[in-house]
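Enquirer: this one's structure only:
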């Protein structure tokens, strides 16, 4: 058999088999749930761990280039605005004990 023809045949087989094989690796689709099957999400309201998480985020953001832009929920914001917002939030957490 001609090497060029063998290459074309193998390529055609790969085009047919690879999409089918890779489809088996896809995650299962999400399923919509209703009523009592909706999971209940709770928060332990641990203010200390929230403050620590905000401080870690601020430490990270302060190490980034100031001209950097951050995308949040499809909107682009300057790094300074996000840093300022997190700082304001941290102050709120410090000022309000409950």
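Expert: Alright, I've got the coordinates. Predicted model, so just to flag it, every value in this text is computed and none were measured.
Enquirer: first-to-last residue distance for stretch 67-75?
Expert: End-to-end distance of stretch 67-75 (Cα to Cα, to the nearest Å): 16 Å.
Enquirer: do the same with stretch 67-87
Expert: For stretch 67-87, the first-to-last residue distance is 18 Å (Cα to Cα).
Enquirer: report the buried residues of that stretch.
Expert: Within stretch 67-87, the residues scored as buried using 16 or more other Cβ atoms under 10 Å are 79, 82, 83, 86. Where C-beta positions appear, they are placed from N, C-alpha and C, glycine not excepted.
Enquirer: so what secondary structure elements neighbour whichever strand or helix holds residue 51?
Expert: In the assignment (DSSP states H and E), residue 51 maps to helix 47-62. In terms of contacts (3 or more Cβ pairs under 8 Å, 6 or more residues apart in numbering; DSSP states H and E), helix 47-62 is packed against helix 79-95.
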